[in-house]
Each structure stands twice: as C-alpha cells, then as structure tokens.
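[1] With the sequence up front, the predicted model follows.
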Amino acid sequence: MLEGEGFDMQTRVRTFLNRYVDFNFDIDTTTWEVSFSREVIQSNTTQRIENIKISRGEENIFIWSFFLAIVELAIDNDEAYQWVKYIYIDDPISSLDDNNVIIVASHLAQLLKDAEGKQFIISTHHGLFYNVMFNELKKAEKYLLRKDSTNNNYQLETLTKDTPFYQHIAILKELHEIALNGKIYTYHFNLLRNILEKTAAFHGFDKFSDCIKLEQDDADKIIHARRINILSHGNYSIFEPIEMQDENKEHFKKILESFIETYQFNDELFPEQTAQEGQA
C-alpha cells in the first residue's frame, strides 16, 4: 500500500530516507517498479540523473526507511495499524558503514522513545549498534544470549551495570575466563584476533600484531602473529572447533595476558588474575 486515507506513504518514506542518503526514488504503481535518481551539480547547474544504480547498503537503507514509515504509522495508531502491539527488529544494519550504523540506531531510539502502547524487541550481534541503543534507551531491559561451552546450550542472561558495556570488553572478559579454566578451542584465536584488530585500529596501528607485546626476542612476536594468522582462518577456526594443543594454549594465554597487562584494563574485570598476581 502506497497511499491511504490521510497520508502519503512515499512522502513518509522520503522523510526517513533523506536522513541517510542523497538519492531519491519513484514507484510506478502500474508496474510496481522502483527507480532511483540523484541530483548532481554540473557547471553550476543542478541536474537530475535518472535510473541510477544504488549499492547494497543503500538498498538496505531504502528498505529500512519503508519499515520505519510503517512503524511510525503503528506508533501514531493509524487506523490500518491499530492491531499492532509488538514490533520485532532484527539487526537492521547489514552492509552499513559505522557512520550509518550510528545514525540508524540513534533515529530508531528516538522513534521508540515516543512510542506508547507498543512493545519493541530488538536483537543484534553488532557491537556498535548495541552500544548506541544501550546509551539511548537506558531504561529498557537488556539481555545477552550466551552459549554455554560445557553443554552447548544457550542461556538468556539479564544485563546489569556489572556486565561489561562494550562488546570487545565482554569478549575479552570471557576469553580471560576461558584461559583460566583451560578449555581453549581453536576458534578462540579468531576472537582474540578480532580484539587485537579493533585495538590496533583504535590506536592507529596498521597491523594487529602491533598490539602484541614485544618480548626480548623480536622473533617471539613474529611467532605469536603467525599462530594467530594460522589458527584464526580456514579449517583451524570456526569450521573445526576442537580443543587446542597444550603448546598453542600457552601461546594463547601469553598473548592474552600481556595484552590485558599492556593496555591496563580495569582489574575488577579479571579478579582471579588480580588475586594470583597478589599472591605472586
């Protein structure tokens, strides 16, 4: 449905779409085909380029804008959507860059704050999207779906102020606990590499290996980097979740412990490590 009593759906969609992108759209209601256009400035003259090709991310933004327009109608208790009581949103940020992820999350949060009489459920595995929503919707109930490595069952945990706020901190805390109990699997190198890459990017390094502590022998750093490269790819990672050999476990622990020590994370996140250090 594009038009209904008292509103123009295309206008609603454009209102949301213009927040994110610089192209426009038209819908042929005879053939139900969508075409896209963009205005460009050439020789100080604004020209409209018809039938442009948009990227996968821009396509997702267009679809997302349609969804938001419908959500807005439901929130406004439009006659056609008065039956809606629950709205479920699952990871609406596929193929988006970080800038658009923040914009999408912020706009969604503002829309939800004005919603009365509707229940929203939002699920995501994207750390940045989650963090923005967490900040914007402080009073909302928050949960974490976690896989129990001992029995492969999934558990739904309530997130509290004691739960690490950022995704990479939560992963780091979990890796630390795994290192302590010794149940280290090859795919944990994949998670460790992910932490190192994010830290390297944050500190302006070119390679994740720049975040590996430099030992007296430079070759040791090379060995660690090579092991992470090998064990975080192909059949050594998610495709073969087997327990590591003891030698690889020791390398994993050494890299992880030196990383936590070098970047001075809050000791309260790693109480067992702090206690062990105090006894040393």
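    Nice, I can see it. Not measured: the values here are computed from a predicted model.

[2] Can you classify R48 as helix, strand or coil?
    State at R48, reduced to three classes by DSSP: H, G, I helix; E, B strand; the rest coil: strand.

[3] That one against I41, yeah?
    No - contact criterion C-beta atoms under 8 Å: R48 and I41 do not qualify, at 11.1 Å. Yep, even glycine has a C-beta here, placed from its N, CA and C like the rest.

[4] Below-threshold pLDDT in this protein: ranges please.
    Counting by pLDDT under 70, the ranges of the chain that qualify are 1-7, 95, 149, 160-168, 213-242, 271-280.

[5] In it, where's the longest helix?
    helix 56-75 (DSSP state H).

[6] any idea which helix or strand comes after that one?
    Remark: after helix 56-75, the chain's next helix or strand is strand 86-90, criterion DSSP states H and E.

[7] now that next one and helix 56-75, what's the angle there?
    On the basis of axes from the mean of the first three to the mean of the last three C-alpha atoms, to 10 degrees, strand 86-90 is oriented at 170 degrees to helix 56-75.

[8] residues making contact with strand 86-90?
    For strand 86-90, contacts defined as C-beta atoms under 8 Å, 6 or more residues apart in numbering pick out 71, 74, 108, 118-124.

[9] Filter the residues you listed down to the buried ones, ChimeraX style.
    Buried residues within the contacts of strand 86-90, by 16 or more other C-beta atoms under 10 Å, are selected in ChimeraX with:
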select :71,74,108,120,122,124
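
[10] Taking the contacts of strand 86-90, tell me the two that lie furthest apart.
    Of all pairs drawn from these, the greatest distance, 20.7 Å, lies between A74 and T124 (C-beta to C-beta).

[11] hang on, the earlier thing: what helices and strands are in contact with the longest helix of the chain?
    helix 9-20, helix 98-113 (3 or more C-beta pairs under 8 Å, 6 or more residues apart in numbering; DSSP states H and E).

[12] hmm, 10 Å instead?
    strand 7-8, helix 9-20, strand 23-28, strand 33-42, strand 86-90, helix 98-113 (3 or more C-beta pairs under 10 Å, 6 or more residues apart in numbering; DSSP states H and E).

[13] Output the ones you listed as JSON lines; include the columns distance to Y143.
    Compiled in JSON lines, the helices and strands packed on helix 56-75 are given as follows (distance: least, C-beta to C-beta, whole Å):
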{"stretch": "strand 7-8", "distance to Y143": "35"}
{"stretch": "helix 9-20", "distance to Y143": "28"}
{"stretch": "strand 23-28", "distance to Y143": "36"}
{"stretch": "strand 33-42", "distance to Y143": "37"}
{"stretch": "strand 86-90", "distance to Y143": "14"}
{"stretch": "helix 98-113", "distance to Y143": "16"}
